[in-house]
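A.B. asks: Turn this into a structure:
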Amino acid sequence: VLYAAVSTGSFKTGRFESVCFARAGLSAESVFVVDGASGEISVRSALVDFETQSSYSFEVTGTDDGVPPLSDTAIVVVSVTDVNEVAVFDRQCGGGSSFIQCANVSENRVVGTLVGQAIHAVDQDFNQTTAYSLVSGNVAGAFQLGSVSGVLSVARNVLNFEDTVTNGEYVLVVRATDNGSPVLYAEGTVHVEVLDVNEAPTLKNFSRSIDEDALGMQSVSGSGLLVEASDVDAADVGALRFSVVGGSGLNVFGMQSVDSDVLVLRSGASLDFESVSQYAVVMQVRDHGGLTAMATGWIQLVDVNEPPVLNDASFEVNENSAVNTLVGGTLSATDPDIGQTLFYAITGGDSGSTFKVGACSGQVQVARAELDFEARRLYTMIVTVTDDGVYKMRLSDTAVVNVTIRDVNEAPVLQAASLAVNENSAV
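C.D. replies: Reported below is the predicted structural model:
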């Protein structure tokens, strides 16, 4: 009730109309109503708005029930008192969404990157300002909101599509606060989706080993290279491709197949620890989007015991030679393994132990003083050389050694004899 009339009679009728000096706008008749009996003026509907129309003027006529009826007319001016009202957010999400804004931003964006459109709230009150702030949902302080502009932007380099805390989305509660009396504020939610961006894989330097006697397509030791590589993009898990692109092992090592992470010795390649004990391979890993990373792998060759080699030999020695007489030169055996000691032994062809060989020197000597050209002119022996390797087993080789007995002129032997002859025998 805006006004209660006082009168000695009862009102019969009430009439409302806009007058010429009323403000343009809503007609008072559509906003107010006068009770015909009491004269009370009340609001007809919730259309009173200070910012739309601050005052209304209209005539009220009061008529008595006398005979004849008499009436009087008065002008009523209703002033609307301004009341602070809450700001209302503009809604920028379609489809009946409850969010005031739906935005997206790519992961790993730099600080200052704008996110969506500026957030805007409308305050119906004249000459008031609105301040914007983030209330909640701003995990790790990822975003900042301009207090005056309402512009949302990236505040920290923490946007990560793969983040298990946010799962790639933020629901930000935004507040718009006016400077009216009393101070009022409105809150709304902003949905920000973090978009996935392909990120380069990583590959660590690594070390592996392989036996020097490995055959082609044999894998190096250790696990596949996936244990050395990583990619934060879920789509790249299991989709990484490896290749050897450089290093001293470029033509020696390769991948087991185009989609394998297993490093192998190339078909037809051979290894020799004594020539090259270590190879470097420059590895490249590529993801499904074409991004790459590189690292260096060191392939250490494992020295494998290899057999010595002993060549056949032929020597000569005089018959009747004394014990320990040298027979020819020393036997010459070789071993590809550096630093190994070789041991020699006669293992066949000399059942009478006529000769001996120096275990370390390989020098053949007379063992028994019974060499006789007229009895035996040739000895064919089997000599075995054995290394002192400890990897896997000791290895050996054998050779045929022929010893020819040289004939030496020997003094005749005259046996003592007793003879008889007749005297006076003729010459």
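A.B. asks: Could you list which residues are in contact with Val385?
C.D. replies: Pro308, Leu310, Leu331, Ala333, Leu342, Phe343, Tyr344, Gly362, Ser396, Asp397, Thr398, Ala399 (C-beta atoms under 8 Å, 6 or more residues apart in numbering). Any C-beta I mention is one placed from the backbone N, CA and C, and that applies to glycine too.
A.B. asks: how many other residues sit next to Asp372?
C.D. replies: Asp372 has 13 neighbouring residues, counting by other C-beta atoms under 10 Å.
A.B. asks: Not counting its neighbours along the chain, what's nearest the residue nearest to the spatial centre of the chain?
C.D. replies: Residue closest to the average C-alpha location in the chain (C-alpha atoms, centre = their mean): Ser230, at 2.0 Å. Leaving aside its sequence neighbours, Ser230 sits nearest to Thr202 (C-beta to C-beta, 6 or more residues apart in numbering; 5.2 Å).
A.B. asks: so where's the stretch 101-250 of the chain uncertain?
C.D. replies: 236-238 (pLDDT under 70).
A.B. asks: on that earlier part again, among the contacts of Val385, which are located in strands?
C.D. replies: Leu310, Ala333, Phe343, Tyr344, Ser396, Asp397, Thr398, Ala399 (DSSP state E).
A.B. asks: As JSON lines, the residues you listed with pLDDT and neighbour count would be great.
C.D. replies: JSON lines is the format used below for the ones in strands among the contacts of Val385 (pLDDT from 0 to 100; neighbours: other C-beta atoms under 10 Å):
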{"residue": "Leu310", "pLDDT": "97", "neighbour count": "24"}
{"residue": "Ala333", "pLDDT": "95", "neighbour count": "21"}
{"residue": "Phe343", "pLDDT": "96", "neighbour count": "18"}
{"residue": "Tyr344", "pLDDT": "97", "neighbour count": "23"}
{"residue": "Ser396", "pLDDT": "95", "neighbour count": "17"}
{"residue": "Asp397", "pLDDT": "97", "neighbour count": "18"}
{"residue": "Thr398", "pLDDT": "97", "neighbour count": "15"}
{"residue": "Ala399", "pLDDT": "98", "neighbour count": "18"}
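A.B. asks: For those, work out which two are farthest apart.
C.D. replies: The largest separation in the ones in strands among the contacts of Val385, counting by C-beta to C-beta, is between Phe343 and Ala399 at 13.9 Å.
A.B. asks: Gly348 and Gly362: what is the separation?
C.D. replies: Gly348 sits 16 Å away from Gly362 when distances are taken as C-beta to C-beta, to the nearest Å.
A.B. asks: Same drill for the two, tell me which one is more crowded.
C.D. replies: Gly362 (19 against 12).
A.B. asks: show me what contacts the closest residue to the more buried one other than its chain neighbours?
C.D. replies: Excluding the flanking residues, the one nearest Gly362 by C-beta to C-beta, 6+ apart is Leu331, at 3.8 Å. Leu331 makes contacts with Leu310, Ala313, Tyr344, Val357, Gly362, Gln363, Val364, Val383, Val385, Ala399, Val401, as judged by C-beta under 8 Å, 6+ apart.
A.B. asks: Let's see that with 7 Å instead.
C.D. replies: Going by C-beta atoms under 7 Å, 6 or more residues apart in numbering, Leu331 touches Leu310, Ala313, Tyr344, Gly362, Val364, Val383.
A.B. asks: Can you lay out these as a markdown table showing distance to Glu169?
C.D. replies: Compiled in a markdown table, those are given as follows (distance: C-beta to C-beta, whole Å):
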| residue | distance to Glu169 |
| --- | --- |
| Leu310 | 77 |
| Ala313 | 85 |
| Tyr344 | 81 |
| Gly362 | 82 |
| Val364 | 89 |
| Val383 | 83 |
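A.B. asks: Nearest to Val67 among the residues you listed?
C.D. replies: Within the contacts of Leu331, proximity to Val67 (C-beta to C-beta) peaks at Leu310, which comes in at 157.6 Å.
A.B. asks: Tell me how far that closest one lies from Ile346.
C.D. replies: Distance from Leu310 to Ile346, by C-beta to C-beta: 12 Å.
A.B. asks: intersection of neighbour lists for those two?
C.D. replies: Val383.
A.B. asks: thinking again about what came up before, kindly indicate which of the contacts of Leu331 lies nearest Arg266.
C.D. replies: Closest to Arg266, out of all of the contacts of Leu331 and judged by C-beta to C-beta, is Leu310, at 33.1 Å.
A.B. asks: Quickly list what that closest one is bridged to.
C.D. replies: Beta-bridge pairing of Leu310 under DSSP bridges involves Ala333.
A.B. asks: Wait, it touches Val401, no?
C.D. replies: No. With contact defined as C-beta atoms under 7 Å, Leu310 does not reach Val401; the gap is 9.2 Å.
A.B. asks: what sits in contact with each of those two?
C.D. replies: Val383.
A.B. asks: Going along the chain, name the helices of this protein.
C.D. replies: With helices called from DSSP state H, the chain shows them at 28-31.
A.B. asks: Any idea how many residues pack against the residue lying closest to Gln363 once chain neighbours are set aside?
C.D. replies: In this structure, Gln363 finds its nearest non-sequential neighbour in Thr330, 4.7 Å apart by C-beta to C-beta, 6+ apart. Counted with other C-beta under 10 Å, the neighbours of Thr330 add up to 14.
A.B. asks: How about the contacts made by Thr330?
C.D. replies: Ser361, Gly362, Gln363.
A.B. asks: Outside of stretch 262-274 itself, list whatever touches it.
C.D. replies: Residues contacting stretch 262-274 (C-beta under 7 Å, 6+ apart): 208, 210, 212, 214, 216-220, 224-225, 251-256, 301, 303, 336, 338.
A.B. asks: Which of the residues you listed fall within strands?
C.D. replies: Per DSSP E, the subset of the contacts of stretch 262-274 in strands is Arg208, Ile210, Phe253, Gly254, Met255, Leu301.
A.B. asks: quick one: contacts of stretch 72-82?
C.D. replies: 2-3, 19, 32, 41, 48, 50, 53-62, 125.
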